[in-house]
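Chemist: Have a look; sequence and predicted model below, questions after that.
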Amino acid sequence: MGWKIQQGPREAERSRRAWALAARQHDVLSRQQLLELGFSRRAIERRLDSGRLHRVRPGVYAVGRPSLSKHGLWMAAVLACGDGAVLSHSSAAALWRIGIERPRVVELSQPTSSDRRRPGLRIHRRPSLQSRDVTTRHSIPITTPVQTLVDLALRLDRRGIERAINEADKYDLVHPPDLRKALELRVVSRGQHSCEAPSIAVRSESLRRSSNGASCLLRVTLVCRSRSLGSGSTASKSTSSGRISA
């Protein structure tokens, strides 16, 4: 990082803490984190001018060199969105290795809305996302494998969600009893492109494991109920089933 030149004990300790935090965050730091560590705005600007920090996104910097790993780019996206933001949907699927990320965009969820547009980011407003639905992987805040599967089920066809469930099982990310219980508990809000007051009711119709543990059949029915204003009508759509091979 090169922050130890002509530094007193306090400055050296501050730089050490910044380096340690950057190492945990795949070589990225946010402006807010630097301020909280004791760096002044002027000190941050000096490091930007000297090439010790490099702007990645507004308020987010790469430390030491401008190039970042994929994990660093994901962490930078999370930091750019602020407190409560987590990697989700296709980006979460890519990090969990159960799906492919959408091209040229990082998908995230956060509990609050923002009018600011961030190029290269697709932000889902998720006020109902609970602590049980989020975790960390490689120090990156992310939706859990179960929540990621539920999110994917809202956009993938049957074969797509089958593949995702199989990959999750292969990497031992989900277990049938836990997945069944989680699916029974979840009611997942859909995006803004859907109809008025939409929701997805997820219920496990059948989840069973053979006596020798060789296979497990998972069937999930996703019912989209959209109640239009004034009409009181309800529309339902059933989709997707998946098979897990142990």
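Modeler: Cool, the structure landed. Computed from a predicted structure; not experimentally measured.

Chemist: Output the longest helix belonging to this protein.
Modeler: Assignment by DSSP state H gives helix 9-24 as the longest helix of the chain.

Chemist: What strands line up against whichever helix or strand comes after that helix, and which way round?
Modeler: Following helix 9-24 in sequence order, the next helix or strand is strand 28-30 (DSSP states H and E). Each strand that pairs with strand 28-30, with its direction, by DSSP bridges: strand 60-63 (antiparallel).

Chemist: Quick check: mean pLDDT of the following helix or strand past the strand it pairs with?
Modeler: Counting by DSSP H and E, the next helix or strand C-terminal to strand 60-63 is helix 70-81. With pLDDT averaged residue by residue, helix 70-81 scores 97.

Chemist: returning to what we had before: the longest helix of the chain vs helix 70-81, what angle?
Modeler: Put simply, helix 9-24 runs at 110 degrees to helix 70-81, going by axes from the mean of the first three to the mean of the last three C-alpha atoms, to 10 degrees.

Chemist: Could you pull out the buried residues of helix 9-24?
Modeler: Going by neighbour count (16 or more other C-beta atoms under 10 Å), the buried part of helix 9-24 is 11, 14, 15, 18, 19, 21, 22. For glycine as for every other residue, the C-beta is placed from the backbone atoms N, C-alpha and C.

Chemist: do stretch 106-119 as well
Modeler: 106, 107, 108, 109, 110.

Chemist: which one of those is nearest residue 36?
Modeler: Comparing these against residue 36 with C-beta to C-beta picks out residue 110 as the nearest, at 19.8 Å.

Chemist: Is there a neighbour count for the residue lying closest to that closest one once chain neighbours are set aside? I'd like the number.
Modeler: Of all residues beyond its chain neighbours, the one nearest residue 110 is residue 85 (4.3 Å), with distances taken as C-beta to C-beta, 6 or more residues apart in numbering. The local packing of residue 85 (other C-beta atoms under 10 Å) involves 22 other residues.

Chemist: With residue 45 instead?
Modeler: Around residue 45 there are 11 residues (other C-beta under 10 Å).

Chemist: As a check, name the ranges of all helices in this structure.
Modeler: 9-24, 31-36, 41-50, 70-81, 89-96, 145-153, 158-170, 176-185.

Chemist: hmm, back to that, return the item of the buried residues of helix 9-24 having minimum pLDDT.
Modeler: Ranked by pLDDT, these bottom out at residue 11 (82).
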